[in-house]
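Chemist: make a model of this:
(chains A and B)
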2 protein chains.
Amino acid sequence: MDYGLPALQALIEHFKKLPGVGEKTARRLTFAVLDMGEEEVTGFAETLLQVKQDIGFCNRCGSLAEGEICGVCGDNSRNESIICVVERPSDVFVLENSGQFRGRYHVLHGVLSPLDGVGPGDLNITQLENRVRDEGIKEVIVATNPSIEGDTTSLFIAQLLGKYGIKVTRPVRGLPLGSSLEYVDRGTISKALEGREPI
Amino acid sequence: MDYGLPALQALIEHFKKLPGVGEKTARRLTFAVLDMGEEEVTGFAETLLQVKQDIGFCNRCGSLAEGEICGVCGDNSRNESIICVVERPSDVFVLENSGQFRGRYHVLHGVLSPLDGVGPGDLNITQLENRVRDEGIKEVIVATNPSIEGDTTSLFIAQLLGKYGIKVTRPVRGLPLGSSLEYVDRGTISKALEGREPI
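Modeler: Model (predicted):
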């Protein structure tokens, strides 16, 4: 559809680069921007620029940070002897949201994926080994996604860290809370049966 | 979820103001922006500002325009004697996309809705009457949405323009192409039966 309005078309194209946004959604979002007040749109544009300008990665753990060090690494009340390894910066916030973990994090920025040519050298792994060696770490929880690549990566990390004589664990797999057996996949069902626990 | 990163939180809030974007989607879009290149994000922000700066409403029909007059009103090859009335600027593009209509448009910027306090004075209706009087219009197609408000509005416009002795029509209602009777609502079914046509 040609709108004969170059700016409009350009904004549609920008929205389409976002994940899960197709042509129709991009059009709807663009018309919503046209309906917004000038101040609101200016604020939106400035915030986009600010996010890119202000936010980088923590020098220590690779999580998002506004300065050299992220909030978790800078918080002295956290347990210093336990590290939770995740694939992406967004995973840190998911785990923080659970309120369950009080240690520190380490973000790999990806997973091992030989098919896509991603090897250990492409991930933030050397830095993890340095931290385990230098920071007196007692346990590393590898919370990569429960996928083939995630599992390959966690296995690799467990082997790599084996020589330091620390505990390397991963979150247990089983039935998600609130799920219905009918809709849970076969693999999860068999993991859950295999690891059954007394009531 | 508190990210402890004000810029990130602000961008999530901006995305949440877009239609159909909730907390989870807003977070996903924000992390996608973080993954984008700096140039890409700058382009996105500049386009947002440009859309608001460059695009206004056509002085004649109320459609979107980069100058005083929109592309359709400025195109002398269009049929000057027929106007299609629509609710929103985006409707113009839907109709243009069908390639079926070669007249001009008139955008109401809303529909009559007594419950929401929207009366004729709040819509771009006086200008429509002026155009019918001054531009030698022979037919007005009222293509408001087939909803209660849309139908109320089309009835109001038909009565208003009655005194000019022109044709006032609306698109016929019936079964949408490619639909299945099973999934079509009762109202549409009865309209389609009522207006049945010879094969």
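
Chemist: how near is A:V33 to B:N97?
Modeler: 20 Å (CB to CB, to the nearest Å). To be clear about C-beta, it is placed using only N, CA and C from the backbone, and glycine gets the same treatment.

Chemist: report the buried residues of the longest helix belonging to chain A.
Modeler: Taking DSSP state H as the criterion, chain A has its longest helix at helix A:38-54. Buried residues in helix A:38-54, counted by 16 or more other CB atoms under 10 Å in any protein chain shown: A:41-52.

Chemist: which parts of chain A are helices?
Modeler: So, for chain A - with DSSP H - the helices run A:6-16, A:23-35, A:38-54, A:89-98, A:126-134, A:148-161, A:186-194.

Chemist: using CSV, lay out the buried residues of helix A:38-54 together with pLDDT.
Modeler: Converted to CSV, these look like this (pLDDT from 0 to 100):
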residue, pLDDT
A:V41, 96
A:T42, 96
A:G43, 97
A:F44, 97
A:A45, 97
A:E46, 97
A:T47, 97
A:L48, 96
A:L49, 96
A:Q50, 95
A:V51, 94
A:K52, 92
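
Chemist: and those residues near chain B, which?
Modeler: A:41-52 (CB under 8 Å from any CB of the partner chain).

Chemist: need the pLDDT of the residue lying farthest from the centre of chain A.
Modeler: Distance from the C-alpha centroid of chain A, by CA atoms, centre = their mean, peaks at A:G4 (40.0 Å). Here, the pLDDT recorded for A:G4 equals 75.

Chemist: same check on A:L193?
Modeler: Listed pLDDT for A:L193 reads 87.

Chemist: any idea how many residues pack against it?
Modeler: When counting by other CB atoms under 10 Å in any protein chain shown, one arrives at 10 neighbours for A:L193.

Chemist: domain ranges for chain A, per the record?
Modeler: A:6-54, A:76-198 (automatic domain parsing).

Chemist: before we move on, the earlier item: any idea which of the helices of chain A is most buried?
Modeler: Of all those, helix A:6-16 has the most neighbours on average by mean count of other CB atoms under 10 Å in any protein chain shown, namely a mean of 20.

Chemist: what sits closest to the residue farthest from the centre of chain A if chain neighbours are left out?
Modeler: B:G71 (4.1 Å; CB to CB, 6 or more residues apart in numbering or on different chains).

Chemist: what residues does the one you found make contact with?
Modeler: Residues near B:G71 by CB atoms under 8 Å, 6 or more residues apart in numbering or on different chains: A:4-5, B:65.

Chemist: what sits against the most centrally placed residue in chain A?
Modeler: Chain A has A:R88 as the residue nearest its centroid, 2.6 Å off, counting by CA atoms, centre = their mean. Contact analysis of A:R88 by CB under 8 Å, 6+ apart lists A:107, A:109-110, B:31.

Chemist: residues in contact with the lowest-mean-pLDDT helix or strand in chain A: which ones?
Modeler: Scoring the helices and strands of chain A by mean pLDDT, DSSP states H and E places helix A:186-194 at the bottom, with a mean of 86. If you take CB under 8 Å, 6+ apart as the criterion, helix A:186-194 is touched by A:173-176, A:181, A:184.

Chemist: if we use 6 Å, what do you get?
Modeler: A:173-175 (CB atoms under 6 Å, 6 or more residues apart in numbering or on different chains).

Chemist: how about it as CSV, C-alpha atoms only?
Modeler: Taking C-alpha atoms only, helix A:186-194 is exported to CSV below (Å, rounded to 0.1, in the frame of the first residue of the first chain):
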residue,chain,number,x,y,z
ARG,A,186,5.9,-35.1,25.8
GLY,A,187,9.5,-34.2,26.7
THR,A,188,8.4,-32.2,29.7
ILE,A,189,6.0,-34.9,30.9
SER,A,190,8.8,-37.6,30.8
LYS,A,191,11.2,-35.3,32.6
ALA,A,192,8.6,-34.6,35.3
LEU,A,193,7.9,-38.4,35.7
GLU,A,194,11.5,-39.2,35.8
